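**Q** 3D model of this:
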Amino acid sequence: MILSIDGFEFNNKEPIYLQIIELIKKNIALGLLTPGTKLPSVRELSKELGVNPNTLQRAYGELERLGITYTKRGMGSFISEGENEVMNLKEDMGRQLVKKFIEDMKAIGIDKDEAIEIIKREE
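**A** As a prediction, this is how the structure comes out:
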């Protein structure tokens, strides 16, 4: 299987279909899924992940709605073509991580400047 699911485990904090979307996006950002790559069939991946095929179909539908994938009738789902999409995806994922990090730091009383200093010390 092209899609890397090693070590992937579902959590109870968010819907499974959203976690599947993030798994696929991470595989794209890491270069494991490249533009034009065919995704596993709904049946194949739902079996591999141990989820209902309807859940996986929902994830695939949302990926297509976001422009991350496209469907060829009778052939399956494919990663959208173009390097800009991959770069935009990576940047978007990075922004989401930074936003969550800043929110978590604020929750423990650390402001943005202090958080930046902590990061600098960790490099």
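
**Q** same for the helix or strand bottoming out on mean pLDDT in the chain, what does it pack against?
**A** Least confident helix or strand, the chain: helix 83-107 with a mean of 86, by mean pLDDT, DSSP states H and E. Applying 3 or more CB pairs under 8 Å, 6 or more residues apart in numbering; DSSP states H and E, one finds that helix 83-107 contacts helix 16-29, helix 112-122. For glycine as for every other residue, the C-beta is placed from the backbone atoms N, C-alpha and C.

**Q** domains in this protein, as residue ranges please.
**A** 1-81, 83-123 (automatic domain parsing).

**Q** Now find how far off-centre the least confident helix or strand of the chain is within its chain.
**A** 11 Å (CA atoms, centre = their mean, to the nearest Å).

**Q** coming back round to it: from the domains of the chain, which stretch is densest packed?
**A** domain 1-81 (a mean of 15; mean count of other CB atoms under 10 Å).
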